[in-house]
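Student: only geometry, no sequence info:
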């Protein structure tokens, strides 16, 4: 009888808990201002964002929707359960996914570009083809270099690896900052554009995840990097789609401890 009860209890554990009920796992709904925004966009709409509140790739698309002031519905899904409504759009069951009428698509950068094609009151990709190419180039830098290093550093358990990955991440961020407009405060100048939104979820997670788990330093006062970080943090669309600190601490504990069976399911 006790064996049956134990098995039943274990079966209720989330795979990301690594078999330990005392371990934290990913949150299944937003908190704070992000919860308010999700509730404000919970009614049926033709344009739907399927997302998970902890996912930085979802955060990109959500910021874009808010900043562009598009009319949309936010649908929270549990990516580790892979519901049919998500699989119907993306057979891999990854978020973010977007449904527009009877059409669906996925991958955060692709979705951001699709939202640009839809229009809206505010553009993130400017009309000048050279500036658009510049923006895409540095978005690619974020995706190829900064994001992988963020996860390597967060998951590193060996102190030597932590030191090396921290150094590598700082160097790649410095390279990105060197390509930004000198005055800012955003990447191209006074207004938030495509590269800012691509980078924003990781700016938030440097503070809310890497700082508490790995000791990531505050931006040095007076630097171009600090100016950019503060501009992103204070942007209304970013604030309205960011949850309370505890959500990120809980959701990323599994990465910081590099638990077995943890997969990076976001896309």
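Tutor: That came through fine. Source: prediction; values computed, not measured.
Student: any chance you could map the helices in the stretch 101-250 of the chain?
Tutor: Using DSSP state H, counting those that start in this stretch, the helices of the stretch 101-250 of the chain run over 108-118, 129-141, 147-155, 159-178, 194-205, 211-214, 224-234, 236-240, 245-256.
Student: okay if I get those as a markdown table plus distance to residue 99, mean pLDDT and mean neighbour count?
Tutor: The C-beta positions use only the backbone N, C-alpha and C, and glycine is treated the same way. Listed next are these as a markdown table, based on distance: least, Cβ to Cβ, whole Å; pLDDT from 0 to 100; neighbours: other Cβ atoms under 10 Å:
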| stretch | distance to residue 99 | mean pLDDT | mean neighbour count |
| --- | --- | --- | --- |
| helix 108-118 | 11 | 97 | 18 |
| helix 129-141 | 24 | 98 | 15 |
| helix 147-155 | 25 | 98 | 19 |
| helix 159-178 | 32 | 98 | 15 |
| helix 194-205 | 21 | 98 | 24 |
| helix 211-214 | 34 | 97 | 16 |
| helix 224-234 | 28 | 98 | 18 |
| helix 236-240 | 21 | 98 | 18 |
| helix 245-256 | 24 | 94 | 19 |
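Student: most centrally placed residue in the protein?
Tutor: Note on the chain: the residue nearest the mean C-alpha position is residue 56, at 0.9 Å, using Cα atoms, centre = their mean.
Student: how near is that one to residue 243?
Tutor: The spacing between residue 56 and residue 243, counted by Cβ to Cβ, to the nearest Å, is 12 Å.
Student: domains of this protein?
Tutor: Following automatic domain parsing, one finds the domains of the chain at 32-118, 129-256.
Student: hang on, the earlier thing: tabulate the helices of the stretch 101-250 of the chain (CSV), appending distance to residue 70.
Tutor: Shown next, in CSV, are the helices of the stretch 101-250 of the chain (distance: least, Cβ to Cβ, whole Å):
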stretch, distance to residue 70
helix 108-118, 7
helix 129-141, 19
helix 147-155, 25
helix 159-178, 27
helix 194-205, 13
helix 211-214, 32
helix 224-234, 20
helix 236-240, 11
helix 245-256, 24
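Student: returning to that earlier point: would you turn the domains of the chain into TSV with distance to residue 26?
Tutor: Listed next are the domains of the chain as TSV, based on distance: least, Cβ to Cβ, whole Å:
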stretch	distance to residue 26
domain 32-118	5
domain 129-256	4
